[in-house]
Structures are given as structure tokens and as C-alpha cells.
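Student: Have a look; sequence and predicted model below, questions after that.
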Amino acid sequence: MTVKRRRWRGHAATYAVFAFVAVFFGVPLLWLLSLSIRTPAEVFTASLNFLPREPTLHNYSAVLGSGRFQGYLFNSLRLTLIGATGAMLAAAPAAFAASRLDFRGRRFFLIGVLSLQMISPLVIMIPLYRYFVTVGLLDSYISTSFVYIAILVPLATWMLKGFFDGIPKELDEAALVDGCNRFQAFYRVILPVSVPGVAAAFVLVAILAWGEFIVPFILLSRPAMQPVSVGILSFQGTFAQTATQILAAGAVLAMIPAVAVFIALQRFIIAALTSGAVKG
Amino acid sequence: MAAPDTRGRVRVPSAPGLASRRREQPAPSAASGRVSYQGATPWLIPLLVVVTLFYLWPAIQALRFSFTDASLLRDQFDYGLTSYQRVLPSPSFLFVVRITLVFVLASIFFQLSLGLGVALAVQHGVRNRLPGTAIARTLVLSSWVMPGVIIGIIWQIVLSGASYGLANSMLATIGISPVGFLSTTNMALGSVIVANIWRGTAFSMILQYAGLQSIDPVLYEAAAVDGASKWQSFWRVTLPSLRPILMVNLVLISIQTFNTFDMVLALTGGGPGRATEVLALRTFNMIFRNFSLGQGSVLAVVMLALSLSFALLYVRLLRTEERL
Amino acid sequence: MRVRHPLWALMLAIAMLMAACATGEDLPETAPGEEAPPEETAAGETPADDTAAPDDAPADDLVTLNRIGAADAPNSFTMQITQGHSHEAPTEDFAGAFRTLFQQWAEDNPDWRVDLEIIPAEAVTAHMAVLLEQSRAGRAPDCAEVDSFVIAQFIDVGVLQPLNDHFSQEEIDALMPFVRDVVVDDEGSLRAYWWNTDLRVLYYRTDLMPEAPQTWDELIEVASSVAQENPGTEGFLFNGGRWEAATFDNLAHFWAQGGDLIDADGRPIFGEGDNREYMLSTLEFLRELVDSGAAPERVSTILEYNEFNTAAQAGTVASFLGGHWQHGQLQDILSEEDFALWDFDRIPGPTEDQRSTGTGGWTIGVFSEDPAIQEACADLIRSVYMGPANEAVGQLPTSTILFEELPAFQEEPFLRFGDFLEEGRSRPGVPVYPSISEQIQVAVGQVLTGELTPEEAVDQSYQASLDAYEDLQ
């Protein structure tokens, strides 16, 4: 009886939270979706009717029509993949060292890497821009991706270190006994075991990279090179031309890849995080 | 660094399983053999190279620019403290710092508590296979992966002070007259905070959910044996176990919130007046509207100082609690 | 495909890293930080290929996403243009009009290909700052569209080429004075062609306001009584949010009194002497609009002209201070009978005789030093933007000759817009203007919310503008 009542209370509390989530998070999203299927005449009027009188998919075809949006999407994909992969490549050995090797300055290194994130990316952009001009790195996806890597690597390092900490020492010790050197132990034994953790960290930093705004805005001066997080603005229209409904369609389309990846992998990500990746 | 024991602070065991392992192995992070500093260098080189070339070096340049009167409009500049003298005593500066602190503190408090609340609900939902759990989780996540400018635009239309604004239309159905969500100084700041909570809760939710999952059920069983209520076991077991993850979470969301400007730019532009001009947006305006690289860099240095003091504060708070 | 190259190279590097892990010492040498520079150079050298990804239209298509002209044309130049003035404009009418004009130009100039860089109209100031930084680094496009209120900075830093060889003296002299003052430098060189302008007017609903208010007092009186008598209706709306138009639109009130923001040397003077009084009465007028209920509190949050269209569409507003282009928009979004209710007139002034309106617009400048490119770009300006584009999209021409000749501008509403243009003033083209504008935006917001009194707001914004001016010296 008490157990039942207790569970019922737990369910009620849970649904209270879900109801709040549905209103607070759901309504603006639903509204965005609703806006994206409206004709210009219905954009602002009758906003309480989520389904417009004349629903249209025209806004979506307007966004996809010229190929500009697909270009932005492709650019985003490219920057995100290189940025997140690079961050993993740079972070994994460092995280392993921080987890397994007791070197001098280890604590300073860990805190230092995190503190770096506290420097606003805003302010490094102009020095970086001038420096890129001097060495001819401007307007290149690769060099821009390296800035992404530098921004993402602290988080990646911390997550991976937490994950490696959770892997029993006995594993690499066994490998060392077998005659492997420490690097072989790392990539033959530890890395394969850590695939879920690495993947979870990868997805998290990739999502951060997906939304990056100021870095591509400054370093990729050619508008057609911009990722979707910047390019989306070009669907907002100008002060002389209204296009809110088209922007909404663009926003929905820009959101889909990231949400889809997350939904597809969320069980996996949570499981990986749970086993240690974010314990710090 | 004032605090010497970084490792101890961030590697607090979160479950008895880990704790017992730690007891067996007094120095869990030290590998079987002690390795010299040189031995670690090759492992750190990729990270150090990328970070130095693409972040640290320009950051040092920015620090250098803060001691100049550099402008985007000309090449030559002089060294000196003029930029600091311009920025620090100006009446708007203290105001900007004040609203930034309100923005950051309120955002992290609500993101963290809401994130934990949703994480608890999702955990309960998953364990009991309650329908709707996946939808709730997906909604929260969707708001997180959206570009900041879009979030600003969405909330601008939701909170519009016009009678046909979404929130106001809803209020009208229950007989409340239009509210100026963005038009008074305090309301506007509150609205920006709400939008930021909307954006950032997912991140805290993911971390807290992972933290919850890794709490050993034995702890709850022990608490239940002691006759603790659900509420008591939340305070005695859940929260203490989450402490290490809270620390990481706090540091990360503080940094993210301090650096937020794209969403605010789209939502209010920093207005009305300066009501929502947070430090990061002020920096953006200083560099890209006033073309003043020197003063923009000064603001960035202030931002760095604030983020650092927040981080040190968390570190200290956590350590004191750990001793209890 | 070329664009994939860097990605595959990176994948390959990863694979090699994994395969070559024989010894720990290999790691740093093959790490990304070390490996990448050669790839970067490769990618950097071929930006055109990099951006060509979506551009796989057939070769006989003369206007594609990123270019005008045949892909294999022997000559080419790069041009940056705002999206609203291109075939990628957000509305189909505009887009179609520009596509036709570009198509025609490409057919007439088979030897040329224009590689387009289309920038969104959002965050204009920031985009212009980036363009300025590019041009100073010698990396600007060959020609580019520049917002008229920052063109002076570009002229100042000496990155724009004179266009006198491509435009006749008669054409230069025909530019309206407020335009000529800015784009013709002291030596008489035309540094950019300012191709369109706009102006602000008072729109009003004739059923609620039978006659257009002519003075500030009349506006306050009629708008507040309309708002009072019709619950749910807003009397008067204007840009009061934190953006450029909050300064620009409301400067009409300041200019109408004879105010000047800066003196002949470019130093801010709006906080001194008579100008201070003019600025004060401007801010007091704005405050009074809200206090009297003529304007709702939410004007301090309005960040786009579209808000006015929306309110007109919802039928909840009696009058607003908007742009001349909104006439066409209202026509599009309102039903015929609703549109018939709307009329426009000059912005009310402190007295009936003191009137002004802000005039803006876009210029096109040439950065390239290659004479052939200069000529080709000037020809594009002439064939597309100087006249045809004005007509196609209803943007007012800046040349008195064109205004009198082009058929589209010989009928209403353009005849009246043309009359109003005589009272037009443009924003001072000086480097400190963006800072002044920001300060006035803040002052307007602080006065509207009651955060500061008009006196405090004027003094603070003036001091900050003076500081910004000094910093730029």
C-alpha cells in the first residue's frame, strides 16, 4: 500500500516536471514549427492557433530552393567533423597522461586547460584574424577547424580523463607486462575499451561546434563558406523584406541534424557518460 | 593557484565502489611507476601545440592590446593604460558588470536546479517506463542544439509586448492584460535569463543524469534501512554523491554563460538602454561597433578575471564541504 | 571532388596515426597540430573550389548561386553584395528582378564572370567592420556594396578606387547634395556610387486619424486619444529598441530643429549649446509619447520595421514612423480595403515648418586596382544598380536626373516621397558615427524606460561620444 502510494507520488512528481517541460520547452519549439508552415499573411496574426488556416511547405522549398542552405549545412558538417575529431585526437593522449602519469605540473595543466575556456573567443578573433592574414591561413576550413579544436579540447580532455580514470589500472599494467610500451598500451588496450566514452565526448563537443558563431563569422570571410549557425541569418530577410516564416523553416532544418544525431545516440551517450566520462 | 590540492578536489569518489577502490590504492592516479615530467611531454604535445597556436597566442595578443589604444580603423597604436582608464571608471561599466553577475548567477542557479529536476524525472520515467519520457528529454535537448541567434529570435516573438505576442495572447485568454516582458529594465533582464535557461538546461540535465545513474543503489538501500524518507535520502545520498559532477557542471556553465552574446544580441540587442548588455555583448559592441580593439580587450580581461574568480570560488566551496 | 579533399586527408591522417602506432614517440610527430599546415595551404589556395560545392548548375545557366556569367568566361572579378540587392533576396519579387538584371548583364558581357559573395543584411555594422579589416589587409573583394553610413571610413582609410573615368561629371553633379557630400572626396574624386536611398515617413490610419498630425503636440494629442478610445489599439509606434534605427529614425526630430551631431571637423557637438537643447527636447518628446499613452511602453523593444507591418496587419496600430519601402509591404500584406485606410505624410515636427527625415541607402565601391576590373564593375553598377534596380524594387534613386526620368518614380507614392526627400538628411559619414549612434540608442532606451532623465541621458551619451572621438584621433 505505502509502496504503491509512494510510487504514485513519484509518478505524479515526474509528470509535473514533464508538464513544465512541455510548456516551457515545448511551446516555443512548437511555435517555431507552426511558424515555418505559415504563409506571410498569417505569420503574426492568430498566433494561438498552432495550425495555420492555410498550412504550406513553401517556406521549406524556399530555403532549400537555391542550394545555399545545403551549402551552409555541408560547411557545418565539415567544420564540426574536423573540429570534433581533431579535439579527440589532441585530447585523448593528454587525458591519458593526466589520468595515468604523475608528472610535475599535472594539476596546473588540468586547471590551466580549463581556465583557457574562460578567455572569451570573442576577443581572440581579431588578433587571430590578423595573424591568419599574415601567414595566409584565412578562408580555410582546416585552419578554422583548428580554432574549433582549440576551443573544444579543454572539455574533451576533462571528459576523457574522467573516463580513463574509471578504467582499471590492471588493464594497462597487464599490457606493460606483456612487453608493450606505454603508447602501445594506450592505443591497443585503453582506447578500444574507451570507445563509448570517446564517442560520447565526441558527440558532445560536436554539438558545441555545431552552434559556433563568432569563429566562422570572422575567420571565413566569404559568405558562402559559412556554417549554418551563421548562414541561417541570411534567411531572416532585410528590413525591407519580411521573411520570418522562411527563417523559421531554416531554423527547423538547421536543428534537425543535431537533434537526430542526439536522439539516435542518446541511450549510448548517457550510458557512456554514466560509466565515467564526466566525473572529472 | 592558491589551492594546492586540485586532484583531490575534482576526483572525489562519487560512489562507495570507487571509494573502496581508492582505499585499496592510495594513489589511484599515479600509475604503477612514477613517470618523470619528460615522459609526459610527448602525450601533451598535440594539445599544447594546438592550444598555444590557436588560442593562447592570440589571447596573449589580446592581453597586449588591452594595454594599447588600438583601433580597427588605424594601424599604429600606443602602449599605455588609456584603455583601462577609459573602461573601468565609466558609469556604464559597473552597471554592465552588475547585470552580468545577475545574469550569470540566475542562469546557473536555474540551469542547475532545473537540469537536476528534469534529470530526476527522466530517471524515474525511464526506470518505470513511463510514456512521455523520451519526448520530454528530446524537447529539452532540442532547445540546446539550436543556434543562439535563432533562440533570440524565437524568444523575441514569444515575449513580444504586443497584444498578439505569444505569451501575451496566452495571458489574454485568462484575462491578463499584456505584459512588457522586454520593455522595462528588470523584466528585460529577467526575460534574457529565462531564454538562457531555456537554452542551457539540457547541458546540465545530461551531466546530472549521468551523475544520477552512477550512484550506487546500495546507498539508497542503506538509507531506507535507516528509515530515511525519499526527501531525506535525496539530501543525504543524492546530492552529496553528485557533488563532484556539480563542480564540473558549475564551472562549465558559468564559462558558457559569461561568454553568451549571440542570443542576447538577437533577443534585445542589449536594450532597452543598457538593460541587458552583458559583458560579452559589451565586448562585441566595443570591437565591432566602436572598432576599439584596446577597450574591447580590457573588457575581455575583466571577463577572464570574473570567470576565474567564479572557478576558484567553486573549488573552495567544494573543498570545504568535502572536509565536513 | 575537390571539396572533400581536406576531410579525406584528415581521415587518412587518422588512419595512419592508428596504423603507425609502433612506438609512443610517433605520436607527437603525426599529431594534427603538426600535420596540418601543408593541407591548410592547399585549401587556402583554392577558395573558389572550396565554395563551389552547391554550384553544380549547368554551364549555360548565367546566374547561379555564386556567380553571374559563364563559368568559363576569360575574365572575372569578385563582388560582395547584400542579399536583399541580389537574386538571393528573401522575397521572390526582388529576387526575380535582380535575376533578370544580372542575366541581361551576363548576356551583354560574355567575357566576364562575377564571383558573388552575398552577405546577409543582418548585423550590418559587424559585417562592415569585417570588410574594413579585410580591405586594410588587402583582402577585400574587387568591388563591394557598403552601407552608406560607414562608407566614409572606407574613403578615409584610402582603400577605394576613384570612379571618375566611369561616370560623367554630369552624372556626378546630378547626385543629391547629401549623397555627393559623402562619396565625392576633397579632390573631387567619386569614391563610390551611392545607388539608392530611403526615407522615413509617418504612416497613419485615416479612419482613426482623419488628418495627419503635423506637429509633435498634435501627434501626442491625437495618438493618445485614439489609444484611449480604442482599447487594444496602439496610438503611435516607432523604433526605440537597441539598434541603429532607434537613432536614425528619431534623429529626424533633432534635425528638424536644426540640430547637428558633429561640427565641421567631425567632433561631436550634440551635447553643447543649442544642439544640447535640441537633443533634450527630442528625448523629452519621446518620453512624453510614452507618458501620455500615445505610444506603448513596448516601443523600447522594437528592433525591426517589420513590427509595424505586423501591427498594421493585426489592426492594432493607428500610426507609426516607418520607412518609405513599407508602403509597398503594406500593400502586399493588407487586404485592399484595409490598405485603403492607410495614408502617409511627413514626420511631424516641433512646429509645422520644422521638418526632417533620415535618408540612408547603399553604395558600391571598387577596391581592385586593375583598370579592366574597375571598368567591368562600373559597368555592372551602371547597368544593374544605377536606375534599373531602383525601378525594379522601388528603392529611391539618388540622382536627380534619374528621379525625374525613370517612369516608376513619376507616380504616387513616389512623387510625394520625392518631395519629402528635399528635407532629407543623412547620417554624418565620420568614423565616430557608429559610436554616437550606439550612445543615442542607449539614451533613447534609458529615457523610454525611465532609467535616466533626458538631461542625464544626453550628458552621459555625449561624454561617451566625446571619449570615442578622442580615442579615434
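Tutor: Received it, and whenever you're ready, just let me know what you need.
Student: How far away from the center of its chain is stretch B:250-262?
Tutor: 4 Å (C-alpha atoms, centre = their mean, to the nearest Å).
Student: anything in it near chain A?
Tutor: Yes: part of stretch B:250-262 sits near chain A under the criterion C-beta under 8 Å from any C-beta of the partner chain, namely B:251-252, B:255, B:258-259, B:261-262. Just so you know, the C-beta spots here come from the backbone N, C-alpha and C atoms, and that holds for glycine as well.
Student: among those, which are in helices?
Tutor: B:251-252, B:255, B:258, B:262 (DSSP state H).
Student: Distance to A:Ser36 and neighbour count for these - can I get that in TSV?
Tutor: Below are those laid out as TSV (distance: C-beta to C-beta, whole Å; neighbours: other C-beta atoms under 10 Å in any protein chain shown):
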residue	distance to A:Ser36	neighbour count
B:Val251	37	24
B:Leu252	32	21
B:Ile255	33	24
B:Phe258	32	25
B:Asp262	21	27
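Student: and which of those is nearest chain C?
Tutor: Among those, B:Asp262 lies closest to chain C (C-beta to the nearest C-beta), at 9.8 Å.
Student: Touching, the closest one and B:Gly152? I think so.
Tutor: Yes: contact status for B:Asp262 versus B:Gly152: in contact at 7.2 Å, counting by C-beta atoms under 8 Å.
Student: how far out from the middle of the chain is the longest helix along chain A?
Tutor: Using DSSP H, we find that the single longest helix of chain A is helix A:68-100. Relative to its chain's centre, helix A:68-100 lies at 10 Å (C-alpha atoms, centre = their mean).
Student: again, but for stretch A:167-179
Tutor: So, by C-alpha atoms, centre = their mean, the centroid of stretch A:167-179 is 34 Å from its chain's centroid.
Student: cool, stretch B:197-213 as well?
Tutor: 12 Å.
Student: List the buried residues in that stretch.
Tutor: B:197-212 (16 or more other C-beta atoms under 10 Å in any protein chain shown).
Student: cool, and stretch B:154-174?
Tutor: Buried, per 16+ other C-beta under 10 Å, within stretch B:154-174: B:154-169, B:172.
Student: Next one: that stretch, is it in contact with chain A?
Tutor: Yes: residues of stretch B:154-174 contacting chain A under C-beta under 8 Å from any C-beta: B:154-155, B:157-158, B:164-166, B:169-170, B:173.
Student: mind checking the end-to-end distance for that stretch?
Tutor: 23 Å (C-alpha to C-alpha, to the nearest Å).
Student: average model confidence for stretch B:235-247?
Tutor: Averaged over stretch B:235-247, pLDDT sits at 84.
Student: Which positions in that stretch come out as buried?
Tutor: With the criterion 16+ other C-beta under 10 Å, stretch B:235-247 contains buried residues B:236-238, B:240-242, B:244-247.
Student: again with stretch C:183-196
Tutor: By 16+ other C-beta under 10 Å, the buried positions in stretch C:183-196 come out as C:183-184, C:190-196.
Student: can you redo the residues you listed as a markdown table with pLDDT?
Tutor: What follows is the buried residues of stretch C:183-196, written out as a markdown table (pLDDT from 0 to 100):
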| residue | pLDDT |
| --- | --- |
| C:Val183 | 92 |
| C:Val184 | 92 |
| C:Leu190 | 95 |
| C:Arg191 | 95 |
| C:Ala192 | 95 |
| C:Tyr193 | 96 |
| C:Trp194 | 95 |
| C:Trp195 | 95 |
| C:Asn196 | 94 |
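Student: which residues of chain A score low on pLDDT?
Tutor: For chain A, the stretches with pLDDT under 70 are A:1-3, A:44-48, A:237-242, A:270-280.
Student: which residues in it form helices?
Tutor: Assigned by DSSP H, chain A shows helices spanning A:2-21, A:27-36, A:58-65, A:68-100, A:106-116, A:121-135, A:141-165, A:169-177, A:182-184, A:191-193, A:195-210, A:214-219, A:228-231, A:244-272.
Student: okay, the ones you listed in TSV with mean neighbour count next?
Tutor: As requested, these are arranged in TSV below (neighbours: other C-beta atoms under 10 Å in any protein chain shown):
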stretch	mean neighbour count
helix A:2-21	14
helix A:27-36	20
helix A:58-65	18
helix A:68-100	25
helix A:106-116	19
helix A:121-135	22
helix A:141-165	27
helix A:169-177	15
helix A:182-184	19
helix A:191-193	14
helix A:195-210	22
helix A:214-219	24
helix A:228-231	27
helix A:244-272	20
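Student: For C:Asp165, which of these is the nearest?
Tutor: helix A:121-135 (30.4 Å; C-beta to C-beta).
Student: which outside residues touch the closest one?
Tutor: For helix A:121-135, the external contacting residues (C-beta atoms under 8 Å, 6 or more residues apart in numbering or on different chains) are A:137-138, A:143, A:147, A:151, A:214-215, A:218-219, B:54-55, B:57-59, B:61-62, B:65, B:72, B:259, B:261, B:280, B:283-284, B:287, B:293, B:296-297, B:299-300, C:133, C:137, C:139.
Student: With stretch C:177-188 instead?
Tutor: Residues contacting stretch C:177-188 (C-beta under 8 Å, 6+ apart): C:148, C:151-152, C:155, C:164, C:172-173, C:175, C:190-194, C:197, C:359, C:361, C:363, C:398, C:424-426, C:429.
Student: Repeat the analysis, applying 7 Å as the threshold.
Tutor: Applying C-beta atoms under 7 Å, 6 or more residues apart in numbering or on different chains, the set of residues contacting stretch C:177-188 from outside is C:148, C:151-152, C:155, C:172, C:190-192, C:194, C:359, C:363, C:398, C:424-426, C:429.
Student: Kindly export that stretch (C-alpha atoms) in CSV.
Tutor: The C-alpha trace of stretch C:177-188 is given here as CSV (Å, rounded to 0.1, in the frame of the first residue of the first chain):
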residue,chain,number,x,y,z
PRO,C,177,23.7,67.0,-52.2
PHE,C,178,23.6,64.8,-49.1
VAL,C,179,24.9,62.0,-51.3
ARG,C,180,27.6,64.0,-53.1
ASP,C,181,29.0,65.4,-49.9
VAL,C,182,29.8,61.9,-48.7
VAL,C,183,31.0,60.0,-51.7
VAL,C,184,33.0,62.8,-53.5
ASP,C,185,36.2,63.5,-51.7
ASP,C,186,38.1,66.8,-51.3
GLU,C,187,39.9,66.3,-54.6
GLY,C,188,36.6,65.8,-56.4
